[in-house]
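# the amino acid sequence is not available; the structure is as follows:
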């Protein structure tokens, strides 16, 4: 077989897949309303304001609700997102109630 | 009509033979190229899909959330303020929300505990999100222990695990009766975390917000438009940290491709001379180089985009998991609804395919216009 | 028949160091004969070949080609003489492709690809059907005793084999004129004799042959119908 035949069929196959991808996206889009139903129900019944994407801190869990500059106060091991966080280490007992939970890993 | 097509195919044949001469090098190039397109396209798909989900789902969010600020931080507020706010003209309903964060020392992750008035929720029971169930390794009917802020552990029965489809909003949720939220967090009666306000006419929201701030100077109203804007801003990929990281990868690839494509070696120059001397025109030589460049870049572009599509929408962007997970222990898994943005794809195409093809073509321009006798004189 | 009238080729004309490679050559090359351009290196032989072969344009002077097949250029009837020095590059390429076959001193094969591809390369831009071209190339290669190398890479050929591949390539478009520049420079005496014998076959087949060489095996050969001696861009001895 000629090399060009092989190459053109490969490119053709890729293009066909590309077209299939576009069609797939279109058809899934159409069904997405159903897929979102249970989420939408929760959002409206609980009055949710945020997507659950990053759970490490309130700043990331509820970005729309967090007070500005209040990042990473919650997780005892949470690193600060400001450069100063690399200078100021968390205290040995990060939070008062943490003392009651020896399971919490302590910062060295 | 056949002759021009044959010409294209013949020259493509030679372009492929020419590429195959440096098989390893060109394969490596295609692989790296595909990888760059793959990562970029994955990022675009992922971010576009999340933006879309945020827009669609948060359309149901409360019109406005009113928080109370104490010493610069968000603090619980008297639920009675709801009454006062309900009295403001244009406000249709005010719903106090009671929620908070619970750090679970056993699996080391943060949960969002939220009160619900749902009548279907049994006493001493909770509904939990898929992520919580996964982290705690519990199923419906199991018991979980949460240690209250008063120091006492409380036992809850897992009555229901929230639907998998809803994981994007509910992964870390623990829903329980308001009384139990108060007991868990040791909150006095009559406090709410914040108030969800519904307006009769969404256009009046800014006016209502102004009136609330006037009446309660320590209140911080957050409009739905602001919530949506927050999400637009988070997922604006140009502002993302990943782009900074990727930027260097892309730059090094550009340097590599530039070096490869523009460095017309003496060998290549000689070959062009030979082709000219055996009857190829400048246009034929340029077509050859065009094929060489576009076969590589088109293959890489299509393969990269297709792989990215599969990665993001069929495998839930598993490769990004580590980057996105950050420090969180509880990581939601969600199936994203594909969104293909023609504009973004076009930009990606122009950013990847065109520069490479141009970088292969342009340096040949001069070489292709040499006199055919150059090969004889050398 | 190829007629040259007062042909001059100056390189770097207008610059500080102009160099005149061909200085006023008037010459007629007969059809179906073997013509040898003889002379030391630097005498302008190669430049003259490039001018005749439509690879470069003379600085001044006229070159007429007679007996071009009809259809070489649009509106060209069979037998009309064609003045080539004023034609644009596109037409020169078209004429070169159909009329001339070149055998270069360095063979000028493209490294790394197969013998068959090297031989068929000149036909690629014409858009001729791939299959018939390949069949023709295989036939040419077989007649030159290269059958077992057809699919192999040109990198593995000996000097004599590489030249025969170059000859097969020169013949692929069935040209009326074969131009060879120092064809025996990289061959030993036996291979040089073989080469001349091959040229004799082509002459017998009716081709016009034009060879530039300072090798006595070539210009001293009984096959050479016409020997033109050049020096410093001028003809010093000839018909």
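Sure thing, it's come through. Because the structure is predicted, anything quoted here is derived from the model rather than measured. Numbers count the residues shown, from 1 in each chain, chains lettered A, B, ... in the order given.

# so what's residue B:317 up against?
B:42, B:46, B:311, B:324, B:336 (CB atoms under 8 Å, 6 or more residues apart in numbering or on different chains). C-beta: built from backbone N, CA, C; applies to glycine.

# for the helix or strand harbouring the first one, buried residues please.
Taking DSSP states H and E as the criterion, the element that holds residue B:42 is helix B:23-57. Within helix B:23-57, the residues that qualify as buried are B:26, B:29-30, B:32-54, B:56-57, counting by 16 or more other CB atoms under 10 Å in any protein chain shown.

# let me know the pLDDT of residue A:86.
Predicted confidence (pLDDT) for residue A:86: 54.

# nope, residue A:69 is what I meant
50.

# in chain A, what residue comes closest to chain C?
Chain A approaches chain C most closely through residue A:2 (6.7 Å), counting by CB to the nearest CB.

# burial measure for that residue, as a count.
Counted with other CB atoms under 10 Å in any protein chain shown, the neighbours of residue A:2 add up to 15.

# surely it touches residue C:130?
Yes. The pair residue A:2 / residue C:130 is scored as a contact, 6.7 Å apart, by CB atoms under 8 Å.

# overlap in contacts, those two.
In contact with both residue A:2 and residue C:130: B:9, B:13, using CB under 8 Å, 6+ apart.

# any weak-confidence spans in chain A?
A:67-108 (pLDDT under 70).

# can you give me the buried ones in the longest helix anywhere in it?
For chain A, the helix that runs over the most residues, judged by DSSP state H, is helix A:3-35. Within helix A:3-35, the residues scored as buried using 16+ other CB under 10 Å are A:3, A:4, A:7, A:14, A:17, A:18, A:21, A:24, A:25, A:28, A:32, A:35.

# same thing with stretch B:71-85?
So, applying 16+ other CB under 10 Å, buried residues of stretch B:71-85: B:74, B:76, B:77, B:79, B:81, B:82, B:85.

# about what we covered before: helices or strands up against the longest helix of chain A?
Here helix A:3-35 touches helix B:2-21, helix B:282-309, going by 3 or more CB pairs under 8 Å, 6 or more residues apart in numbering or on different chains; DSSP states H and E.

# determine which stretch of those is the most buried.
Compared across the helices and strands packed on helix A:3-35, helix B:282-309 shows the largest average neighbour count, a mean of 22 (mean count of other CB atoms under 10 Å in any protein chain shown).

# by contact count, what packs against that one?
helix A:3-35, helix B:2-21, helix B:23-57, helix B:266-277, helix B:342-368.

# so what's the residue of chain A closest to chain C up against?
B:9, B:13, C:130.

# assess the claim that the last one and residue B:8 are in contact.
No. Between residue C:130 and residue B:8 there is no contact, the gap being 11.8 Å when judged by CB under 8 Å.

# hang on, the earlier thing: next SSE after the longest helix of chain A?
From helix A:3-35, the next helix or strand downstream (DSSP H and E) is helix A:37-46.

# how about that following helix, which residues are buried there?
A:38, A:39, A:40, A:42, A:43, A:46.

# can you list the residues of chain B near chain C?
Contact residues (CB under 8 Å from any CB of the partner chain) of chain B with chain C: B:2-7, B:9-11, B:13-14, B:17-18, B:21, B:267, B:271, B:274-275, B:277-282, B:284, B:371-373, B:375-378.

# now residue 64. Nearest residue, chain neighbours left out?
In the absence of a named chain, chain A is used. For residue A:64, ignoring the flanking residues on the chain, the nearest one in space by CB to CB, 6 or more residues apart in numbering or on different chains is residue B:227 at 4.1 Å.

# wrong one, chain B
residue B:197 (4.2 Å).

# just checking, what packs against the host helix or strand of the one you found?
Using DSSP H and E, residue B:197 falls within strand B:194-199. Contact here means 3+ CB pairs under 8 Å, 6+ apart; on that basis strand B:194-199 packs against strand B:64-70, helix B:81-86, strand B:91-97, helix B:205-215.

# pull up the pairing partners for the first one, direction included.
This points to strand B:64-70. If you go by DSSP bridges, strand B:64-70 pairs up with strand B:73-75 (antiparallel), strand B:194-199 (antiparallel), strand B:219-223 (antiparallel).

# what angle separates the second one from strand B:91-97?
Direction vectors for strand B:194-199 and strand B:91-97, defined by axes from the mean of the first three to the mean of the last three CA atoms, to 10 degrees, enclose an angle of 160 degrees.

# flag every buried residue along strand B:194-199.
Applying 16+ other CB under 10 Å to strand B:194-199 flags B:194, B:195, B:196, B:197, B:199 as buried.

# beta partners for the closest residue to the first one other than its chain neighbours?
Meaning residue B:194. Distances taken as CB to CB, 6+ apart put residue B:67 closest to residue B:194, at 4.7 Å, once the chain neighbours are dropped. Using DSSP bridges, the bridge partners assigned to residue B:67 are residue B:220.
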